[in-house]
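Enquirer: could you look at this predicted model? Sequence included:
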Amino acid sequence: MLNLLLGFVVAFYFLLDKERFLGGAKAFFERLLPKKAYKVLKNAAFEAHSVFSGYIRGQLTDALIMSLLIASVLTILRVRFAVVIGVISGFSNIIPYFGAIVGFTLAVFSALLSGDGLKAVYAAVSIIALQQLDSCLIAPKIVGEKVELSPPAVIIALAAGGKLFGLWGMVFAVPVTGILKNAVLQYKRKP
């Protein structure tokens with residue numbers, strides 16, 4: 001918990017002094033590297049920034065959509081705390097598998113607390129169906145558009161990243177694939 005808090009504090013100060021930090025880094029690399037290497041590094045950094053920021057925007061859009069869908073379905077099923085469960089589940093969905101587990105657990109547990117076992121079954125089936133819809137259609141489409149990858153490429157990148165590097169591979173698979181795709185396209189354009 002302390003590391004998380006410290007991370008937020010450091011990130012806040014980095015963002016506060018972003019312009020000065022970037023200016024210093026630019027001046028440092030301009031003096032350190034030859035002009036051509038500096039230009040390549042600057043273009044690569046711009047591409048990485050563009051892909052990663054698109055990925056974050058896509059993930060946040062997906063989280064918002066899933067929050068709304070989960071909250072709506074749980075409200076229809078009359079599960080208590082449907083909106084809270086929807087928001088927590090949707091935004092924890094940014095971490096692969098974690099969001100599905102959190103959403104499922106919270107929805108079923110809340111439905112069971114109401115004393116209606118059938119409502120818990122409906123909540124479980126609904127969450128599983130929404131998670132499948134998200135992982136097969138919504139996330140690949142939205143995140144893929146932001147990173148400029150096709151939905152099948154997003155699914156393949158996630159599967160390969162998860163298989164090769166586990167959870168962290170799934171978190172970084174899509175932006176890294178986007179960066180590699182852009183690098184290959186730039187290489188192909190060169191004479």
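Expert: Arrived safely, thanks for sending.
Enquirer: next, residue 150: phi, psi?
Expert: Phi and psi for residue 150, reported as degrees, to the nearest 10, are phi -70, psi 150.
Enquirer: quick check: chain neighbours aside, which residue is closest to the residue positioned nearest the centre of the chain?
Expert: When C-alpha atoms, centre = their mean is applied to the chain, the residue found nearest the centroid is residue 59 (3.7 Å). Spatial nearest neighbour of residue 59, excluding adjacent residues (C-beta to C-beta, 6 or more residues apart in numbering): residue 94 at 5.1 Å. To be clear about C-beta, it is placed using only N, CA and C from the backbone, and glycine gets the same treatment.
Enquirer: give me phi/psi at the one you found?
Expert: Main-chain torsions, residue 94, degrees, to the nearest 10: phi -60, psi -30.
Enquirer: ok, how many other residues are close to it?
Expert: By other C-beta atoms under 10 Å, 15 other residues sit near residue 94.
Enquirer: who are the neighbours in contact with it?
Expert: By C-beta atoms under 8 Å, 6 or more residues apart in numbering, the residues touching residue 94 are 59-60, 62-63.
Enquirer: so how far is residue 104 from residue 132?
Expert: Applying C-beta to C-beta, to the nearest Å, the value for residue 132 to residue 104 is 12 Å.
Enquirer: which of those two has more neighbours?
Expert: Taking other C-beta under 10 Å, residue 132 and residue 104 do not tie; residue 104 has more neighbours (18 against 11).
Enquirer: that one touches residue 126, doesn't it?
Expert: No: at 9.8 Å, residue 104 does not count as touching residue 126 under the criterion of C-beta atoms under 8 Å.
Enquirer: neighbours around residue 57, how many?
Expert: Neighbours of residue 57 (other C-beta under 10 Å): 15.
Enquirer: next helix or strand past the helix or strand hosting it?
Expert: Using DSSP states H and E, residue 57 maps to helix 35-76. As assigned by DSSP H and E, the chain's next helix or strand after helix 35-76 is helix 82-92.
Enquirer: okay, the angle between that next one and helix 35-76?
Expert: When axes from the mean of the first three to the mean of the last three C-alpha atoms, to 10 degrees is applied, the directions of helix 82-92 and helix 35-76 differ by 160 degrees.
Enquirer: other SSEs contacting helix 82-92?
Expert: Here helix 82-92 touches helix 35-76, helix 98-113, going by 3 or more C-beta pairs under 8 Å, 6 or more residues apart in numbering; DSSP states H and E.
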